[in-house]
Each structure stands twice: as structure tokens, then as C-alpha cells.
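Peer 1: Got a predicted structure here, sequence first:
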Amino acid sequence: MLNTIPDASPRMPASFEVEPPPIPEEEIAGVLEADVVVVGEGLAGLCAALTARQAGADTLIISASARPVGRGGSVFAAYSKVMEAKGLPRQNLDDFFLEEFSSNSFLVDQRKWYTLLDRSEEAMNWLIDILQAAGCGVVLEDANEDDHHSPTYQPPGTHAFVGSGIARAGTGITLALNALEEAFLAAGGRVLRSSPARRLEKTGRRVSAVLAQQKDGTYIRAKAARAVILATGDFSANPEMMAKYCPQYAPFFTAGGDNYDVGFSMKGLFKGEGHQMALWAGAAWQRTWPCAVMIQGSRLGTNLPYGSHRGLRLNNRGERYCNEDMNGAYTALTTLREPRGEAFAIWGANYAREIRFRAHGGQRDGPDTPPEAVLANWNGMADRGMLVRADTLEGVIEALGLPPEETMATIRRYNELCRNGKDTDFHKKPKYLQEIREAPFFGCSLSDRFFFSVMGGPRTNWKMQICDEQDEPIPGLYCVGSMVGDMYAHCYNFRIPGQNYGACLTFGYLTGKRAAEERA
């Protein structure tokens, strides 16, 4: 199959594929018992732990961090009581989902996506009740409003949490984490913090315990009478795993340290310890290869919250190279294909008036950004060296270091297309053809790329059961969150902002209930 990991047999296994020797019994300092053991205290792990506890299961969270950890705060649900209160109609996303499957070459597990579509409202309403009881607000984040078949369009449904000094949409995940943890502890749940899980133990085929390492180096054996749920994040801080499962992007990730408490970070986050434990317990790797990267490109000069500049883009040869109607993720990927991975944008002051501007991090139905504020923002960024500004196009071209003759020829051609109202070169929609004609003129590099995470891991069915090479579930072993296999392909493209956290919420909510019902 073209989408499977290439078979390089015979080969030496990677070091992370080799199970270490058993931990000596004399290093195990204590035993904890629970019905369900959840490994990880992010959004997915907390949702799973709370619903397991609400279903009557004695539940223990084992956390490598000293506190609940997350970053961002955009959480998607297809519908919710918040959307209903704002008068938003239910939307039919059937065609949109098919477009997304097509953009991923139909390599994603559709059962997971449709489960998210059908059950996310239930899960979001459950979370809304918890947050409102804790005094937190739930709002809708602004998204890209555009033609529904544009790759920039984003359907409504991205929820954000505000309160306790957090007013900017998409940054309040800590509010949700703290509320979930408080509800979990109030319901009688337990948390073992600062104790990274190192090994799974099995009784026969069933995963029956987790060995977690304490600060003093000794271990706690956490027995799970019903199930273990892994929610340990990604593997972007593990160079060897990146080289095998996401090789084309491995060079761009800088491995972070061993700080499990880190929140928002542009470096590799986690080392795939949950993935490795699953492999040692008999898990197969996901079918989709390579793993999908969560990436954003430059948003300098963009007019939409999750967009990228949609005026003229050029490579370092002064050539236009694409239809610019794309979001930040696709901007990063197309830029990487150009010479030296470089790209640039040039525009005039008239751009501020001729296209609608919406700020990132705003709430849905908030005001547009007026032209004078857009211009003030550009001038401020130019003063700080983030953009270049000049009274002539030649000045902008020189400041960007582009070849003058080739670039001016490209600008003249682009302006001609704009005046004619038809892009015969790249077929961009006429409404996005803004001539570059009024000084001051601006330019910037679009070469910045932001690598957030890597999505994927152990082979996982739609019930979040981790499976072996024969696609048989390993009894007692589940996973949720960004480590779930076959959820994404190619890249996490942000066409559904908050889809990952929406999946963490929805599948965490459902998996905790399912694990609570499992019997050995």
C-alpha cells in the first residue's frame, strides 16, 4: 500500500523500538490501584479521566507534569448551546468533510472524523456546563469567512474560553484544564504528578498496569483493573522517531528539553514516551505515512484570522509562483517548495481599503479592522523591522533583496491582471486581485514557518482502542489526543481551527465512558 511505512527489511530496529529490560522489583516503591489509569493531564486525558469517574470508575491520572498542560485554546464542535444562543443554524458539513478527505488523499480514518462530527456537540455542551459552573465564559472564535469551496474557508464552530484575565480568543485552554481538574478531584479522582510513565505491564494480552517514575528515581506500579488510556502528546522532541515517521520535517524541529510543564512552544514538545510504551506492548504503527505535521506559515500582511497574505507572492527570483488564495499552513508548504524555501509579498497602501480585514484572536461577529488601523499596524511593523516600507516599488524590491528587473516585470504583469479583473496566470478569484498602486508600498518575507507538533502514532480504531498488526485491539489499552493514529494525513491544515482540541475533547469524553465499562 502506498500510504504505509515502506518496508526496509531486513533492518536493524530503531533504538526506541527495542523494549528495555524489565524494571527490577526492588525499584518499585509502592502500588496504587484503580479501575482506569489515564496517562497524561492535557485536555484529552482530563476529559477521559472525568467521564470515567462520572461513570463510576475509580480513576487515577498519572502525569509527567506538575500541573495540567496545554497550549492555545481553539476547540471545535460542529454545534453547541453557545452557537444556538447566537442564532447560528446547524450546518451541513457533508461536502466540506469530503473536500477535506480529498485534500488528504482519503488517507484519514473517516470513522474518526464522522464520530467527531456527530458527537462533538454532546461533548462540547458537557464541557460548557463545567466551565460555566467554574465561572468561565465560552465564546466563538473568529474564523475565515470566505467562499465555502475556498481552501481558506473555515466553518463556524471554533469555541474559545475567556475569563481570569484571558480575553483573546484561542488562548484560554488553561481555563478549561483547571476547571476539568477541579471537577475530577471533586468527584473523587486522584492525580499522581511529576511522575512520567515509563512502562506498561500486561497480564496475558491485557494491559494491566503502568510503571511511573518518581522524582527520587523509584517507581510506582499503578494497577488498572479495567483500562489504561494513553494521552501523552506527540513525539516531535524525539529526533529518531521524527526521522522515521516524519522525515521531511524532522530537520525543522528543534528538540526541547525535558520540561513537561511547558505550555506554548515552537520547539519539539514531547519525546513519544507513550508511543514507545504502546509499541513495546504490541501496538502496530498507524497506516498513514508519514505522520502529519502541525505547521503555520507567515501571517504578515494577512487579512483573515488564519490566513496568509493573498496579494502578490514571489520567490527569490522575482517570480510569482502560486494562486495566493490559501491559509497559513498551505503557505508554509508551498514556500518550502521554492528555491531556498523563500517567498515574499509586496503590496500597496490601497490594499488596506480594498479587502476586508479581520484580526486573529477575535470573537465571531466582532468588528472588522478599519483601514486606518490596518495601515497603522503595517507602519508599526515596518518601524520594528518586521516589514519593509518605501515610497517606491523599487525601494521595497531593493530592501527585500529581490532581483529588480525580474520583480518589476512580475509586478507589472500582476497589476495588468488586476486591472483586467482576470488572473489568466494562476486563476485567482477576481475579488482578490488588488492592484499594487498606492504608496507607501510594503513588502515582507513569507519564509517564516512555525512547527507546532506532529500528529499520529499507534494504530487506533474509531473506539480509540490501540491495535496490533492484525488490527485486533490490545485489551485494556486506549489512547486519545494528538497521538491517535490515522486521524490526519499530509499536514494539519487548520481548515477546521481547533479540530485537534475538538478531537481531544470529543474522544476523551467518549473514551473515558467506554473504558469505565470495560471488564477484564
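Peer 2: Looks like it arrived, so ask away. Numbering: from 1, shown residues only.

Peer 1: Could you use CA atoms for every contact and neighbour count after this?
Peer 2: Noted.

Peer 1: Tell me how many other residues crowd residue 262.
Peer 2: Using other Cα atoms under 10 Å, residue 262 has 16 other residues around it.

Peer 1: which outside residues touch stretch 490-499?
Peer 2: Here stretch 490-499 makes contact (Cα atoms under 8 Å, 6 or more residues apart in numbering) with 73-77, 104, 143, 151-155, 158-159, 290-295, 306, 327, 329-330, 455.

Peer 1: Remind me which helix or strand residue 415 belongs to.
Peer 2: helix 404-420 (DSSP states H and E).

Peer 1: in terms of contact count, name the helices or strands touching that helix.
Peer 2: helix 393-400 (3 or more Cα pairs under 8 Å, 6 or more residues apart in numbering; DSSP states H and E).

Peer 1: quick one: contacts of the helix it packs on?
Peer 2: Under Cα under 8 Å, 6+ apart, the answer for helix 393-400 is 344, 346, 388-390, 403-404, 407-408, 441-445.

Peer 1: does the residue lying closest to residue 305 once chain neighbours are set aside count as helix, strand or coil?
Peer 2: Sequence neighbours aside, residue 360 is the residue nearest to residue 305 in space, at 3.9 Å (criterion: Cα to Cα, 6 or more residues apart in numbering). Look at residue 360: counting by DSSP: H, G, I helix; E, B strand; the rest coil, its state is coil.

Peer 1: Could you pull out the buried residues of the helix holding residue 415?
Peer 2: 404, 407, 408, 410, 411, 414, 415, 417, 418 (16 or more other Cα atoms under 10 Å).

Peer 1: between those residues, which is nearest residue 219?
Peer 2: The closest of the buried residues of helix 404-420 to residue 219 turns out to be residue 407 (Cα to Cα; 63.2 Å).

Peer 1: Return the residues in contact with that closest one.
Peer 2: 317, 318, 319, 397.

Peer 1: on that earlier part again, between whichever helix or strand comes after the helix holding residue 415 and helix 393-400, how big is the angle?
Peer 2: Downstream of helix 404-420, the first helix or strand assigned by DSSP H and E is strand 441-445. On the basis of axes from the mean of the first three to the mean of the last three Cα atoms, to 10 degrees, strand 441-445 is oriented at 20 degrees to helix 393-400.

Peer 1: Walk me through which strands strand 441-445 pairs with, and which way each runs.
Peer 2: Strand 441-445 has the following strand partners under DSSP bridges: strand 344-348 (antiparallel), strand 388-390 (antiparallel).

Peer 1: Which of the ones you listed sits closest to residue 122?
Peer 2: Closest among the strands paired with strand 441-445, using Cα to Cα: strand 344-348, at 43.1 Å.

Peer 1: residues of the helix or strand that the closest one is followed by that come out buried?
Peer 2: Note on strand 344-348: by DSSP H and E, the next helix or strand toward the C-terminus is helix 351-354. Using 16+ other Cα under 10 Å as the burial criterion, the residues of helix 351-354 that qualify are 351, 352.

Peer 1: Tell me how many other residues crowd residue 431.
Peer 2: 11.

Peer 1: mind checking how far it is from residue 351?
Peer 2: Between residue 431 and residue 351 the computed distance is 12 Å (Cα to Cα, to the nearest Å).

Peer 1: and for these two, which residues touch both?
Peer 2: Common contact partners of residue 431 and residue 351 (Cα under 8 Å, 6+ apart): none.

Peer 1: Between the contacts of helix 393-400, which sits nearest residue 277?
Peer 2: Closest approach between the contacts of helix 393-400 and residue 277, by Cα to Cα: residue 445, at 42.0 Å.

Peer 1: list the contacts for that closest one?
Peer 2: Contacts of residue 445 by Cα under 8 Å, 6+ apart are 342, 343, 344, 345, 387, 400.

Peer 1: what ranges do the helices span in the stretch 51-200 of the chain?
Peer 2: 81-85, 94-103, 110-133, 173-186 (DSSP state H, counting those that start in this stretch).

Peer 1: Tell me which of those sits nearest to residue 481.
Peer 2: helix 110-133 (12.2 Å).

Peer 1: Worst mean pLDDT across the helices and strands of this structure, which element?
Peer 2: strand 449-455 (a mean of 89; mean pLDDT, DSSP states H and E).

Peer 1: Show me what it packs onto, helices and strands only.
Peer 2: Contacts defined by 3+ Cα pairs under 8 Å, 6+ apart place strand 449-455 against strand 292-297.

Peer 1: any weak-confidence spans in the protein?
Peer 2: Along the chain, segments meeting pLDDT under 70 span 1-11, 255-257, 263-267.

Peer 1: domains of it?
Peer 2: The record assigns the chain these domain ranges, following automatic domain parsing: 30-71+176-292+454-517, 75-162, 299-447.

Peer 1: now the end-to-end length of the longest one.
Peer 2: Using Cα to Cα, one end of domain 30-71+176-292+454-517 lies 27 Å from the other.

Peer 1: Quick one: distance of that domain to the chain centre.
Peer 2: Relative to its parent chain, domain 30-71+176-292+454-517 has a centroid offset of 15 Å by Cα atoms, centre = their mean, to the nearest Å.

Peer 1: Also the last one?
Peer 2: The gap between where domain 299-447 is centred and where its chain is centred comes out at 26 Å by Cα atoms, centre = their mean.

Peer 1: Now do it: distance from first to last residue.
Peer 2: 10 Å.

Peer 1: Columns distance to residue 520 on top of the buried residues of helix 404-420, output as CSV?
Peer 2: Formatted as CSV, these follow (distance: Cα to Cα, whole Å):
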residue, distance to residue 520
404, 72
407, 69
408, 72
410, 68
411, 69
414, 67
415, 70
417, 68
418, 68
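
Peer 1: what's the most distant pair in those?
Peer 2: Applying Cα to Cα across the buried residues of helix 404-420, the maximum distance is between 404 and 418, 20.8 Å.

Peer 1: Next, the contact list for the nearest residue to residue 163 once chain neighbours are set aside, please.
Peer 2: Ranked by Cα to Cα, 6+ apart and with sequence neighbours excluded, the top spatial neighbour of residue 163 is residue 136, at 5.3 Å. By Cα under 8 Å, 6+ apart, the residues touching residue 136 are 161, 162, 163, 164, 175.

Peer 1: Need the max-distance pair from these.
Peer 2: 161 and 164 (10.0 Å).

Peer 1: So those two - more neighbours on which side?
Peer 2: Set residue 161 next to residue 164 and count neighbours by other Cα under 10 Å: residue 161 wins out with 27 against 10.

Peer 1: Quick check: bridge partners of the more buried one?
Peer 2: residue 138.

Peer 1: do you know how far it is from residue 131?
Peer 2: Taken as Cα to Cα, the span from residue 161 to residue 131 is 8 Å.

Peer 1: ditto for residue 177
Peer 2: 10 Å.

Peer 1: now residue 499
Peer 2: Distance from residue 499 to residue 131, by Cα to Cα: 19 Å.

Peer 1: follow-up on the earlier one: turn the domains of the chain into CSV, including distance to residue 14.
Peer 2: Listed next are the domains of the chain as CSV, based on distance: least, Cα to Cα, whole Å:
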stretch, distance to residue 14
domain 30-71+176-292+454-517, 8
domain 75-162, 25
domain 299-447, 28
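
Peer 1: most neighbours per residue, which of those domains?
Peer 2: Mean neighbours per residue, mean count of other Cα atoms under 10 Å, is largest over the domains of the chain for domain 30-71+176-292+454-517, with a mean of 22.
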